[in-house]
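Student: Quick one, fold the following:
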Amino acid sequence: MPDVAGHPEIYFRQVGDYDLAIRDAGAGEGLPLVLIHGFGGSINSWFLTQNALAAGRRVIAFDLPGHGSSCLHVGEGTLRAFASIVSHMLTEMELPRVHLMGHSLGGGIALSLAQLRPDQAASLSLIAPAALGAEVNAEFLYNFIEADDPAAMRLVLEKLVAAKILIGRKAVEDVLSNHNVAGVREALHHIVNACFDGSRQRQILRSVFTTTDIPAQVIWGVEDAILPASHGQGLPSRVTVHFLEGAGHMPQLEKAAEVNALIRSFLMRAEAEAGL
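Tutor: The predicted model follows:
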């Protein structure tokens, strides 16, 4: 049954040591699309994405460990460790090959999974992904974890978007409510320390584009204040790159219709070229 937002209900699956919250939508002949949210995000990061892309294919969103309704245990907390968890999840769900769509940290996880198990990745759709350049806004990361009142959290969340009006009271309250669950801030700190060294990313995965032939698309908001859009420059010519004006770090929310159209077109093209 759908929930109040019109999305299918969340269910849980044990994947090794991790209890993951999963939401399935859609069905059809197209290869499934798996959505990997960013740091501090959740299934809800895709509320303008999942249903919109679920025409003719299964679209799967899930909460990473340490996020949303999934377990607080995050293991090593590195990109590669998370990629291994996602790979295991796909095996458990009997999904041998899927399209991967990742935002921010989730983009880095998708790249790491493509490096670890290229056979599982039919394509990569990366939105403002980690692991394509060194710089990251460390001040944002730590302030996001530590902010403990609505005013402070609003100032932090406003850095995610170009149009600050998009950060409403409910969004602020929801993030604070999640952070106040025992163990959440500690889990997020562990992930930050595993993936970043101050304002530098520990792992750069641009080589995935040259060591695999997986079709790839990168979408970046020009006004991104968390991961510079310049990280999307200088990629191999076979990688389609779109820089969106008037968008910050969350183009899937700020420019939802445009991003969804780009993803639909890309997936159809990737499947056509692969004879799927």
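
Student: so residue 239 touches residue 213, yeah?
Tutor: No. Taking contacts as CB atoms under 8 Å, residue 239 lies outside contact range of residue 213: 11.3 Å. To be clear about C-beta, it is placed using only N, CA and C from the backbone, and glycine gets the same treatment.

Student: Show me which of those two is the more surrounded one.
Tutor: Neighbours of residue 239 and residue 213, each counted by other CB atoms under 10 Å, are more numerous for residue 239; the result is 18 against 9.

Student: Please report how far the residue nearest to the more buried one when sequence neighbours are not counted lies from residue 68.
Tutor: Excluding the flanking residues, the one nearest residue 239 by CB to CB, 6 or more residues apart in numbering is residue 216, at 4.7 Å. Applying CB to CB, to the nearest Å, the value for residue 216 to residue 68 is 26 Å.

Student: swap in residue 207?
Tutor: 31 Å.

Student: Quick one: mean pLDDT for the one helix or strand residue 87 maps to?
Tutor: Assessed by DSSP states H and E, residue 87 sits inside helix 79-92. Averaged over helix 79-92, pLDDT sits at 98.

Student: before we move on, back to that, have a look at residue 216 and residue 68 and say which one is more surrounded.
Tutor: Legend: neighbour count by other CB under 10 Å for residue 216 and residue 68, higher for residue 216 (26 against 22).

Student: how close does that one sit to residue 199?
Tutor: For residue 216 relative to residue 199 (CB to CB), the value is 26 Å.

Student: swap in residue 147?
Tutor: Counting by CB to CB, the gap from residue 147 to residue 199 is 19 Å.

Student: Ok, residue 273 next?
Tutor: 38 Å.

Student: Would you give the sheet partners of the helix or strand containing residue 32, along with the direction of each?
Tutor: In the assignment (DSSP H and E), residue 32 maps to strand 27-36. Neighbouring strands of strand 27-36 in its sheet, by DSSP bridges, are strand 55-62 (parallel), strand 98-103 (parallel).

Student: got the contact list for it?
Tutor: The contact list for strand 27-36 (CB atoms under 8 Å, 6 or more residues apart in numbering) reads 46, 49-50, 53-62, 64, 86, 90, 95, 97-103, 106-107, 109-110, 122, 267, 271, 276.
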